[in-house]
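Enquirer: Fold the following, please.
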Amino acid sequence: MKTLGPIYLIAILIFLYTPILVMMAMGFNASPLYELPFHFSLQWYDALWDNSILLTAGLNSLVIAGITAVLATALGTMASVALSRRTFRGRSLLQLMLLPPIAIPWLITGTAMLIFFYWTGIGRGMHALLIGHVALAIPYVVLVVGTGFKTIRADLEEAAMSLGSTPVHAFFSVTLPLLYPSILGAALFAFAVSLDQFVISYFLATPGYTTLPVQIYSSIRKGFTPEINAISTVLLLGSMTIILIFARFAKPGDTSDKR
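Expert: Predicted coordinates:
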């Protein structure tokens, strides 16, 4: 029985990562039809470099995801501060209302956003994509940062204020440094949610401005090419690098005093 758990875990990891590894490997296969035997080649990365449509869509996704991460993290952190450190009427209701946007299917959310944006005159385009992605990412940020708040003793700020610090100074000098891992994790979460978002982008993007998931979907409908494997591999390696850097320097969960 002791070996059953590790075997089950290894089986799950193999099930999850095997398709990704195959996708990455086929980006280096010379055959456009994924034929075997495997012949190593970088021709699809050369073709990707000349594919301005995919590169532009990828750049659009990175820009939108970066801006979304900044805005959603700032707004979500402020909301989390209010929900975790302040007592006011309706706080429990607001905390409860954070869950439906996560649980509601994105198809319904995307349809609702499209109708609302047309009704208010916002329309579609980059500005609509930003609003939609930020609105979608904020609940995740509030939940992640709020969880970080639960690991921090509230009396630390009170102790700082008892020594003459103002509430604002106590927050920025005491609480915020302890929240840094949670805030950084929430920012990465918001970035990933935006970068991977297809449904909202599909409804709000315009023909002249689209994101990478939408462009990949459009390309697959016309015919799958290994160039998609190549750009997917680049994004995957970039995302894993960011996660490793975060794990190395942020050390989430470690709030011990290092002196």
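
Enquirer: How much space separates the nearest residue to I122 once chain neighbours are set aside from A170?
Expert: Closest residue in space to I122, ignoring its immediate chain neighbours: A128 at 5.6 Å, by C-beta to C-beta, 6 or more residues apart in numbering. For glycine as for every other residue, the C-beta is placed from the backbone atoms N, C-alpha and C. Per C-beta to C-beta, to the nearest Å, A128 is found 39 Å from A170.

Enquirer: Same check on L236?
Expert: 42 Å.

Enquirer: before we move on, what about L163?
Expert: 9 Å.

Enquirer: Neighbour count: those two, which is higher?
Expert: Between L163 and A170, counted using other C-beta atoms under 10 Å, A170 has the larger neighbour count: 20 against 8.

Enquirer: F203 contacts M113, correct?
Expert: Yes. Counting by C-beta atoms under 8 Å, M113 is a contact partner of F203 at 6.5 Å.

Enquirer: For N60, give me its contacts.
Expert: Contact partners of N60, counting by C-beta atoms under 8 Å, 6 or more residues apart in numbering, are M126, Y209, T210, T211, L212.

Enquirer: Just the pLDDT for F116.
Expert: F116 carries a pLDDT value of 90.

Enquirer: same check, this time on G223
Expert: 69.

Enquirer: And for the one 4 residues further on?
Expert: According to the prediction, E227 has pLDDT 80.

Enquirer: what's the answer for the one 4 residues further on, then?
Expert: I231 is assigned 83 on the pLDDT scale.

Enquirer: A128 too?
Expert: 89.

Enquirer: That one: neighbour count?
Expert: A total of 23 residues lie near A128 under the criterion other C-beta under 10 Å.

Enquirer: what about it, helix or strand, and which?
Expert: Per DSSP states H and E: A128 is located in helix 126-150.

Enquirer: May I see the buried residues of that helix?
Expert: By 16 or more other C-beta atoms under 10 Å, the buried positions in helix 126-150 come out as 126, 128-146, 148-149.

Enquirer: Measure how far it is from the centre of its chain, please.
Expert: What separates the centre of helix 126-150 from the centre of its chain is 9 Å, taken as C-alpha atoms, centre = their mean, to the nearest Å.

Enquirer: ok, now stretch 35-51?
Expert: Distance of stretch 35-51 from the chain centroid (C-alpha atoms, centre = their mean) equals 29 Å.

Enquirer: which residues are contacting the helix or strand where L107 lies?
Expert: For L107, the host element (DSSP H and E) is helix 106-120. The contact list for helix 106-120, computed with C-beta under 8 Å, 6+ apart, reads 101, 122-124, 128, 131-132, 135-136, 197, 199-200, 202-204.

Enquirer: which one of the residues you listed is nearest S219?
Expert: Each of the contacts of helix 106-120 was checked against S219 using C-beta to C-beta; the closest is Y202, at 13.7 Å.

Enquirer: Buried residues, the helix or strand where I14 lies. List them.
Expert: Assessed by DSSP H and E, I14 sits inside helix 4-26. For helix 4-26, burial by neighbour count (16+ other C-beta under 10 Å) applies to M23, M24, M26.
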